[in-house]
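In: Give me a 3D structure for the following:
(one chain, ligands or ions: 2)
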Amino acid sequence: MNKIEHIGIAVNDLKKAVITYEKLLNSPVYKTEEVASENVITAFLQCGPNKIELLEATAIDSPIAQFIAKKGEGIHHIAFEVDDIVAEMARLKKEGFVLLNDIPKHGADNKWVCFVHPKSSNGVLVELCQEIK
Ligand SMILES: CC[C@@H](C(=O)O)C(=O)SCCNC(=O)CCNC(=O)[C@H](O)C(C)(C)COP(=O)(O)OP(=O)(O)OC[C@H]1O[C@@H](n2cnc3c(N)ncnc32)[C@H](O)[C@@H]1OP(=O)(O)O
Ligand SMILES: [Co+2]
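Out: Residues are numbered from 1 along each chain as shown. Ligands and ions are numbered 1, 2, ... in the order given. Predicted structure coming up:
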């Protein structure tokens, strides 16, 4: 894995969270994008070399709605950049990690993504991201 690609934060109200994080980071949102397959709407901010992804649920069965119902707003996942997501998925599967999708899914910000179950990674939901070229 190359580096942390983004940190995902689950929020109740994206518009309000954008105002808060733009003030906090002193940096504007550079992209908002709905990902219908995940039932989320996202907003991205840059903080130096790092990215923050704010996520609001667009449906009650969204993973974000379920997370907030159980744990409240907060850090939802850490995403790591990889060069070859299929190879990395195979490596992690062989190491015994539980992958939440068998083939890469289309994520936000022009990425292929795959999730690792938080029970496999000490209570942290991990996302693998590969840029779509
Ligand atoms: C916008 C696209 C993309 C991007 O490009 O960046 C995204 O980031 S999309 C983000 C939203 N999508 C996802 O999260 C997809 C993957 N997530 C899932 O498949 C599920 O949310 C889950 C992780 C399997 C949890 O679903 P749930 O129905 O609750 O599953 P389980 O019953 O198997 O497990 C429950 C267990 O896990 C704890 N949990 C749930 N979510 C998280 C989390 N984000 N971080 C840490 N722990 C989490 C939950 O509290 C339960 O724990 P126990 O109560 O102790 O059993
Ligand atoms: Co993400």
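
In: When you work out contacts or count neighbours from here on, use the C-alpha atoms and nothing else.
Out: Fine.

In: Figure out how far stretch 35-55 is from the centre of its chain.
Out: Here stretch 35-55 is found 7 Å from its chain centre; the criterion is C-alpha atoms, centre = their mean, to the nearest Å.

In: Just the mean pLDDT for that stretch, thanks.
Out: For stretch 35-55, mean pLDDT rounds to 96.

In: right, and residue 33 touches residue 54 too?
Out: No. With contact taken as C-alpha atoms under 8 Å, residue 33 and residue 54 are classed as non-touching, separated by 10.4 Å.

In: For the longest helix seen in the chain, buried residues please.
Out: Ranked by number of residues, the top helix in the chain under DSSP state H is helix 14-25. Judged by neighbour count (16 or more other C-alpha atoms under 10 Å), helix 14-25 contains these buried residues: 14, 17-18, 21.

In: Give me the contacts around that helix.
Out: 11, 27-29, 41-43, 45, 47, 54-56 (C-alpha atoms under 8 Å, 6 or more residues apart in numbering).

In: Please check these and keep the buried ones.
Out: Among the contacts of helix 14-25, those classed as buried by 16+ other C-alpha under 10 Å are 11, 29, 41-43, 45, 54-56.

In: List the ones among those residues that fall in strands.
Out: Mapping the buried ones among the contacts of helix 14-25 onto strands (DSSP state E) picks out 11, 29, 41-43, 45, 54-56.

In: want to throw these into a markdown table with distance to residue 95?
Out: Below are these laid out as a markdown table (distance: C-alpha to C-alpha, whole Å):
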| residue | distance to residue 95 |
| --- | --- |
| 11 | 32 |
| 29 | 37 |
| 41 | 32 |
| 42 | 31 |
| 43 | 33 |
| 45 | 33 |
| 54 | 30 |
| 55 | 30 |
| 56 | 32 |
